[in-house]
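K.L.:
from the sequence below, what's the structure:
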Amino acid sequence: MRILGIDPGSRTTGIGIIENETLVHAENLKLGSGPMPERLGQIFQAITEIIRIHQPVVAAVETVFMNKNPQVTIKLGQARGAAISAAVNSGLMVHEYAPREVKQALVGRGGAAKTQVQHMARVLLKLREDVGEDASDALAVALCHHHTHQTNQRLPTGVRFR
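P.N.:
The predicted structure follows:
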């Protein structure tokens, strides 16, 4: 199954696509510091184009965590909205995962350090080169969905993990 992982950000949005545990595409979408509506449009257009080119069948997006600065949280929420809208508009079902769930799925601890998650994403995908922090986070979200989906496939009918 080809999975689009998204790590939304208002300055850089991480995008990663995997098929099983193989890297298909990784990108750090640099948005700059222009007006927020323009950056949201960039997120929407870029994700729509990536979906058109790479044809994932499902999307996985990290949920927003509460930041100390409410303006940052609002901007992250807007970036998520643009990314999710692009995925839904392209016909993809979207699954959302909290940062703790992603950490648990990849490292085995919900409180794992961000660097541990990025390291495990590289190990699981057998990456030789660093794809960048945001793309690595997006790949981690995609891997989290992949592992959750695999677990659910093994469970009896009607029983679901998560």
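
K.L.:
just checking, what packs against the helix or strand of the chain with the lowest mean pLDDT?
P.N.:
Sorted by mean pLDDT, DSSP states H and E, the helices and strands of the chain end with helix 133-154, the least confident at a mean of 85. With contacts defined as 3 or more CB pairs under 8 Å, 6 or more residues apart in numbering; DSSP states H and E, the packing partners of helix 133-154 are strand 2-7, strand 12-19, strand 22-30, strand 58-62, strand 93-97, helix 99-107, helix 114-124. For glycine as for every other residue, the C-beta is placed from the backbone atoms N, C-alpha and C.

K.L.:
among those, which is nearest residue 68?
P.N.:
Set against residue 68 and scored by CB to CB, the helices and strands packed on helix 133-154 come closest in helix 99-107, at 15.5 Å.

K.L.:
which positions in that closest one come out as buried?
P.N.:
Buried residues in helix 99-107, counted by 16 or more other CB atoms under 10 Å: 99, 101, 102, 103, 104, 105, 106, 107.

K.L.:
dump the C-alpha coordinates for that helix into PDB.
P.N.:
Once non-C-alpha atoms are left out, helix 99-107 reads as follows in PDB (Å, rounded to 0.1, in the frame of the first residue of the first chain):
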ATOM      1  CA  PRO A  99       3.100  12.600  18.000                       C
ATOM      2  CA  ARG A 100       3.100  10.100  20.900                       C
ATOM      3  CA  GLU A 101       1.500   7.400  18.700                       C
ATOM      4  CA  VAL A 102       4.100   7.900  16.000                       C
ATOM      5  CA  LYS A 103       6.900   7.700  18.600                       C
ATOM      6  CA  GLN A 104       5.300   4.500  20.100                       C
ATOM      7  CA  ALA A 105       5.000   2.900  16.700                       C
ATOM      8  CA  LEU A 106       8.600   3.500  15.600                       C
ATOM      9  CA  VAL A 107      10.600   3.500  18.800                       C
END
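
K.L.:
just checking, what packs against it?
P.N.:
helix 114-124, helix 133-154.

K.L.:
distance from the chain centre to the last one, please.
P.N.:
The one in question is helix 133-154. 8 Å (CA atoms, centre = their mean, to the nearest Å).
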